[in-house]
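**Student:** Predicted model and sequence follow; I will ask about them next.
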Amino acid sequence: MSTATHADHHDHGHPTGFMRWLTTTNHKDIGTMYLVFSLVMFFVGGAMALVIRAELFQPGLQFVDPGFFNQMTTMHALIMIFGAVMPAFVGLANWMVPLQIGAPDMALPRLNNWSFWILPFAFSLLLLTLFLPGGAPASGWTMYPPLVLQTGNAFPFLIFSIHLMGLSSIMGAINIIVTIMNMRAPGMGLLKMPLFTWSWLITAYLLILVMPVLAGAVTMLLTDKYFGTAFFTAAGGGDPVMFQHIFWFFGHPEVYIMILPAFGIISEIIPTFARKPLFGYSAMVYATASIAFLSFIVWAHHMFTVGMPLAGQLFFMFTTMLIAVPTGVKVFNWVATMWRGAMTFETPMLFALAFVFLFTIGGFSGLMLAIVPADLQYHDSYFVVAHFHYVLVPGAVFAIMAAVYYWLPKWTGNMYDEKMGKIHFWLSAISVNLTFFPMHFVGLAGMPRRIPDYATQFAEFNAIATVGAFLFGFSQLMFAWNIYRCAKGGKKATAEVWEGSHGLEWTVPSPAPHHTFDTPPVVK
């Protein structure tokens, strides 16, 4: 068959334009859609963060109504967590997991398409709440009763939106598990898989276990508001603290869902640019699994101030501190991988190094929050905001950016602009610290979270944080432009992005087979 007729034959029956994206079952197309969607949501959620920071630039009420301010804090969190970070990791999984295990596609391609297309509708519902009478919920992303039950007509939209997000996550997770378990190339045992794939296998189990818990909690809220039940209504014999227990039983593993894939990404990038196989591969796998297990038995450390018995406080304090052990193993192994390596500092490596350093700061402040008598002081202060943003911005978000810079040449066949990538990195790294580091200080000095106004003693640090936030937000336009230019064309990527340096990436994620570094290893 000549090439022309072959091409015609190929195009026949294959939709193009919008229908191609609507109906695609190709893991790469779906991965791309997830990543583009998450980038759009990153900017939407970021705009909301800038509204929050603009209001807090100076003491006094300047720009927005206090009720709207609290709606912004709620929406910013829900959009960043469920709309930006999680879909980005799912997009990376869609692209890379089949490639890393030698599978032709995901195991359940139709389900894969559906998991994605639920999301635009879920977030349309969520954003719609801003325009309904009474506005969006002003309860924070945690949706604690009785406050969340004061929400007006937007309430059922919020609940339905969360159900749709959860549905998408559960289906995506099932797909990843089935793919990894059933479609690995011959000879690839579980302990030969790249660490990004391992981290997603573990994350997918977390998703399947906790998403239904969130669904149950929000459904009980719905029946409390509209069907006369009293699960969380004290007047009817219910208990609002029970909601906190159910919510955080979902919520704590959820924060690990947002960081474990990041660990996998960093474990791929550091060995490549240090030109050494990863130190302690199996220890990394077991550490990831331990973190996932422990994430289920620490939930009430978010609730030390509710008046739980001493035994409960001690249990949750010690289990939380225990998570520092496997996390410390991971940090040690990353540093050991770099030790005496032939390191170079391309953009993905810069983001990975910033991740290791800044995520560790977030880990230390988390350890401080785990200590009950200290937490009684820190709780609901800006110190907590500083803590989780250090884990999620220079943690999860930097890892996603590192992954995009790392794999973009493989996806597009083109090189991104390295110089622009480095400028983007330095602007992001400086501004993210400018934004969140001062929050530790105002938090320790007693500034509460989720407030549109504050005492004048906090003015300087808040002004610094706001300047940092605007700088960070606008720096991300450079990221989007670099991706766009790379996808459109640009200089062709060399074989180096496939081979790693000196062909060493063959051995990077998994234990090194015995071979010379001139030819790819033969998997026995």
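**Tutor:** In hand now; what should we look at? Numbers count the residues shown, from 1 in each chain.
**Student:** so which strand or helix has residue 112?
**Tutor:** helix 109-128 (DSSP states H and E).
**Student:** Oops, could you answer that again for residue 450 instead?
**Tutor:** Applying DSSP H and E as the criterion places residue 450 outside every helix and strand.
**Student:** Which residue comes closest to it once chain neighbours are left out?
**Tutor:** residue 73 (5.3 Å; C-beta to C-beta, 6 or more residues apart in numbering). Placement of C-beta: from N, CA and C, glycine included.
**Student:** who's in contact with that neighbour?
**Tutor:** By C-beta atoms under 8 Å, 6 or more residues apart in numbering, the contact set of residue 73 is 52, 138, 140-141, 450.
**Student:** Quick one: classify it as helix, strand or coil.
**Tutor:** helix (DSSP: H, G, I helix; E, B strand; the rest coil).
**Student:** Pull up the gap between it and residue 437, please.
**Tutor:** Distance of residue 73 to residue 437, computed by C-beta to C-beta, to the nearest Å: 20 Å.
**Student:** pLDDT below threshold where in the stretch 401-524 of the chain?
**Tutor:** 498-524 (pLDDT under 70).
**Student:** so where do the helices sit in it?
**Tutor:** In the stretch 401-524 of the chain, the helices defined using DSSP state H, counting those that start in this stretch lie at 418-444, 459-488, 496-499.
**Student:** The stretch 101-250 of the chain now?
**Tutor:** Counting by DSSP H, counting those that start in this stretch, the helices of the stretch 101-250 of the chain are 109-128, 155-182, 195-226, 240-257.
**Student:** Of all those, which one is nearest residue 381?
**Tutor:** helix 240-257 (17.9 Å; C-beta to C-beta).
**Student:** by contact count, what packs against the closest one?
**Tutor:** The contact analysis (3 or more C-beta pairs under 8 Å, 6 or more residues apart in numbering; DSSP states H and E) places helix 240-257 against helix 195-226, helix 281-294.
**Student:** could you redo the last one with a cut-off of 10 Å?
**Tutor:** The contact analysis (3 or more C-beta pairs under 10 Å, 6 or more residues apart in numbering; DSSP states H and E) places helix 240-257 against helix 86-101, helix 155-182, helix 195-226, helix 281-294.
**Student:** Tell me which of these lies nearest to residue 69.
**Tutor:** Residue 69 lies closest to helix 155-182 among the helices and strands packed on helix 240-257, at 17.7 Å (C-beta to C-beta).
**Student:** by contact count, what packs against the closest one?
**Tutor:** Short answer (3+ C-beta pairs under 10 Å, 6+ apart): helix 155-182 packs on helix 27-55, helix 66-78, helix 86-101, helix 109-128, helix 195-226, helix 240-257.
**Student:** how does it look with 8 Å?
**Tutor:** Looks like helix 155-182 contacts helix 86-101, helix 109-128, helix 195-226 (3+ C-beta pairs under 8 Å, 6+ apart).
**Student:** Out of the ones you listed, which one sits most buried?
**Tutor:** Mean neighbour count (mean count of other C-beta atoms under 10 Å) peaks for helix 86-101 among the helices and strands packed on helix 155-182, with a mean of 25.
**Student:** what about it, distance to the chain center?
**Tutor:** Between the centre of helix 86-101 and the centre of its chain there are 13 Å (C-alpha atoms, centre = their mean, to the nearest Å).
**Student:** between the helices of the stretch 401-524 of the chain, which one is nearest to residue 116?
**Tutor:** Using C-beta to C-beta, the helices of the stretch 401-524 of the chain put helix 459-488 closest to residue 116, at 18.4 Å.
**Student:** what angle separates the closest one from helix 27-55?
**Tutor:** 160 degrees (axes from the mean of the first three to the mean of the last three C-alpha atoms, to 10 degrees).
**Student:** Mind checking the helices and strands packed on helix 155-182 for the one nearest to residue 401?
**Tutor:** helix 86-101 (9.3 Å).
**Student:** tell me the contacts of residue 376?
**Tutor:** Counting by C-beta under 8 Å, 6+ apart, residue 376 touches 304-305.
**Student:** and the helix or strand hosting it, which residues are buried?
**Tutor:** According to DSSP H and E, residue 376 maps onto helix 372-378. By neighbour count with 16 or more other C-beta atoms under 10 Å, helix 372-378 contains the buried residues 372, 375, 378.
**Student:** Nearest residue to the second one in space, please, no chain neighbours.
**Tutor:** Okay, so that is residue 375. residue 304 (4.7 Å).
**Student:** From residue 177, how far out is the one you found?
**Tutor:** 34 Å.
**Student:** In terms of neighbours, single out the busier of those two.
**Tutor:** Shown here are residue 304 and residue 177; by other C-beta atoms under 10 Å, residue 304 has more neighbours (22 against 19).
**Student:** Next, give phi and psi for residue 193.
**Tutor:** The phi/psi pair for residue 193 (degrees, to the nearest 10) reads phi -70, psi 150.
**Student:** Just to check, it is in contact with residue 100?
**Tutor:** Yes: with contact defined as C-beta atoms under 8 Å, residue 193 and residue 100 form a contacting pair (7.0 Å).
**Student:** closest one to residue 111 among the helices and strands packed on helix 240-257?
**Tutor:** Among the helices and strands packed on helix 240-257, the nearest to residue 111 by C-beta to C-beta is helix 155-182 (5.4 Å).
**Student:** List the buried residues for that closest one?
**Tutor:** Buried, per 16+ other C-beta under 10 Å, within helix 155-182: 155, 157-177, 179-180.
**Student:** Equivalent analysis for stretch 304-311, please.
**Tutor:** 304, 308.
**Student:** contacting residues around the closest residue to residue 374 other than its chain neighbours?
**Tutor:** Excluding the flanking residues, the one nearest residue 374 by C-beta to C-beta, 6+ apart is residue 368, at 5.7 Å. Residues in contact with residue 368 (C-beta under 8 Å, 6+ apart) are 374, 378, 383, 387.
**Student:** Equivalent analysis for residue 135, please.
**Tutor:** So residue 135 contacts 67-68, 71, 129, 152, 154 (C-beta under 8 Å, 6+ apart).
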